[in-house]
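>>> attaching a predicted model along with its sequence, questions to come.
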Amino acid sequence: MIKATDRKLVVGLEIGTAKVAALVGEVLPDGMVNIIGVGSCPSRGMDKGGVNDLESVVKCVQRAIDQAELMADCQISSVYLALSGKHISCQNEIGMVPISEEEVTQEDVENVVHTAKSVRVRDEHRVLHVIPQEYAIDYQEGIKNPVGLSGVRMQAKVHLITCHNDMAKNIVKAVERCGLKVDQLIFAGLAASYSVLT
């Protein structure tokens, strides 16, 4: 059996209220992903995106992972974990910074996005994603890529997606009890949009 790290493989895992699904994809040289393994199990121990029976969730995750490993002929060591449920929330924020030189650099863009995402989210929540919506330089709004443009100050409008910290920790704990590492937490709705729109 080949380890998932020996080939360029990515593994997605979603632990839902109805089912647990695992998907193994092989990343091709052109960047496309070829699905080579799937596994699923009716979900037990989940309710509205939260864990209510940890051991039941662990068993379901292990069953789905075992099926995906068997089909893909690989050993899975880490996953990208999709989150959903009523504990996910969103908010729009704005950040503003002076432009360090006459021309906007990538560092300026990173700084303005960092400023926008540095707002205080509810204590029990943590940020999953920061999605830049648009930029403005001085009085020009609606800019998609400000790098190379001139101005004095730049503003970024970003969309923050957050999740309840303890609910995320409990789902991660179930995955880790299967001997897996969580590479990244991803909002399931955002992951689905990428699969449909790209």
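Thanks, I have the structure now. Residues are numbered from 1 along each chain as shown.
>>> would you point out the helix or strand in the chain whose mean pLDDT is lowest?
Lowest mean confidence among the helices and strands of the chain (mean pLDDT, DSSP states H and E): strand 2-3, at a mean of 56.
>>> next secondary structure element downstream of that strand?
In the C-terminal direction, the helix or strand that comes right after strand 2-3 (DSSP states H and E) is strand 9-15.
>>> who's in contact with that next one?
When contacts are defined by Cβ atoms under 8 Å, 6 or more residues apart in numbering, strand 9-15 is touched by residues 4, 20-27, 33, 36, 43, 46, 57, 60-61, 64-65, 68, 72, 74, 76, 78-82, 84, 171, 174-175, 180, 188, 191. (Glycine included, C-beta is placed from N, CA and C.)
>>> next step: these restricted to helices.
Applying DSSP state H to the contacts of strand 9-15, the entries found in helices are Val57, Cys60, Val61, Ala64, Ile65, Ala68, Ala72, Ile171, Ala174, Val175, Ala188, Ala191.
>>> angles on the backbone of the residue of the chain most remote from its centre, please.
For the chain, the largest distance from the centre (Cα atoms, centre = their mean) belongs to Glu102, which lies 34.6 Å off. Taking degrees, to the nearest 10, you get phi -70, psi -20 for the backbone angles of Glu102.
>>> ok, it to Tyr135 distance?
16 Å (Cβ to Cβ, to the nearest Å).
>>> so Ile186, which of the three states?
With DSSP: H, G, I helix; E, B strand; the rest coil as the basis, Ile186 sits in strand.
>>> closest to Gly142 among the ones in helices among the contacts of strand 9-15?
Taking Cβ to Cβ as the measure, Ala191 is the one of the ones in helices among the contacts of strand 9-15 closest to Gly142, at 27.2 Å.
>>> residues contacting the closest one?
Per Cβ under 8 Å, 6+ apart, neighbours of Ala191: Gly12, Tyr80, Ala82.
>>> and it, how far from Arg63?
From Ala191 to Arg63 the distance is 22 Å (Cβ to Cβ).
>>> that older thread, what is the nearest of the ones in helices among the contacts of strand 9-15 to Ile88?
Nearest to Ile88 among these, with distances taken as Cβ to Cβ, is Ala188, at 8.4 Å.
>>> contacting residues for the closest one?
Contacts here follow Cβ under 8 Å, 6+ apart; on that basis Ala188 touches Glu14, Gly16, Ala82, Leu83, Ser84.
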